[in-house]
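Novice: Task: produce atomic coordinates for the following.
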Amino acid sequence: RADAARSAASLEADLAAEKRLAVALVDESDAANRAARASEALAKRALTAKDAAEAKLADDVTAVKRECDDLLHEARGAADARLSDCEAALKDARDRADRAERDARDV
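Specialist: You can find the predicted model right below:
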């Protein structure tokens with residue numbers, strides 16, 4: 001009878017230990033699931049931030065390209081105007097030289 005009582009007590013202790021282990025495993029599983037959800041949420045936020053940064057970068061690149069195109073157009077316009085001025089000055093100089101040459105022949 002004493003052996004049966006010790007055996008029953010031992011079984012109850014083993015059962016209690018297994019219950020504690022089961023509870024600990026469930027708690028650990030819950031913690032792992034929470035951590036996984038937190039990691040997933042963090043990854044989603046990081047992806048959203050990355051997408052926003054890429055969109056901003058694309059907008060910035062477009063703006064810089066537009067500004068460069070505007071500056072290039074302005075520079076080309078100024079160069080064309082300067083070229084026209086130089087061509088006009090060259091034509092005037094040639095005309096004067098031609099007149100001077102004619103005048104020198106006529107004398």
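Novice: Find the residue ranges of the protein scoring beneath the pLDDT cut-off.
Specialist: Under the criterion pLDDT under 70, no range of the chain is flagged.
Novice: Residue nearest the middle of this protein, spatially speaking?
Specialist: A centroid search over the chain (C-alpha atoms, centre = their mean) returns Glu54, at 3.1 Å, as the residue closest to the centre.
Novice: what helix or strand is that one on?
Specialist: Secondary structure assignment for Glu54, by DSSP states H and E: helix 2-106.
Novice: What is that helix packed up against?
Specialist: Helices and strands touching helix 2-106, as assessed by 3 or more C-beta pairs under 8 Å, 6 or more residues apart in numbering; DSSP states H and E, are absent. Backbone N, C-alpha and C define where each C-beta goes, glycine included.
Novice: and that helix, how far out from the chain's middle?
Specialist: Between the centre of helix 2-106 and the centre of its host chain there is 0 Å, according to C-alpha atoms, centre = their mean, to the nearest Å.
Novice: gap between Ala4 and Ala22?
Specialist: Between Ala4 and Ala22 the distance, using C-beta to C-beta, to the nearest Å, works out to 26 Å.
Novice: For Ala32, grab the count of nearby residues.
Specialist: Ala32 is surrounded by 10 other residues when neighbours are defined as other C-beta atoms under 10 Å.
Novice: Likewise for Glu74?
Specialist: Burial measure for Glu74: 10 neighbouring residues, criterion other C-beta under 10 Å.
Novice: That one and Leu25: what is the separation?
Specialist: When distances are taken as C-beta to C-beta, Glu74 and Leu25 turn out to be 72 Å apart.
Novice: now swap in Leu83 and tell me
Specialist: 84 Å.
Novice: Arg102 now?
Specialist: From Arg102 over to Leu25 the distance is 113 Å, taken as C-beta to C-beta.
Novice: Check Ala38 too.
Specialist: 20 Å.
Novice: try Arg34
Specialist: In this view, Arg34 and Leu25 are 15 Å apart by C-beta to C-beta.
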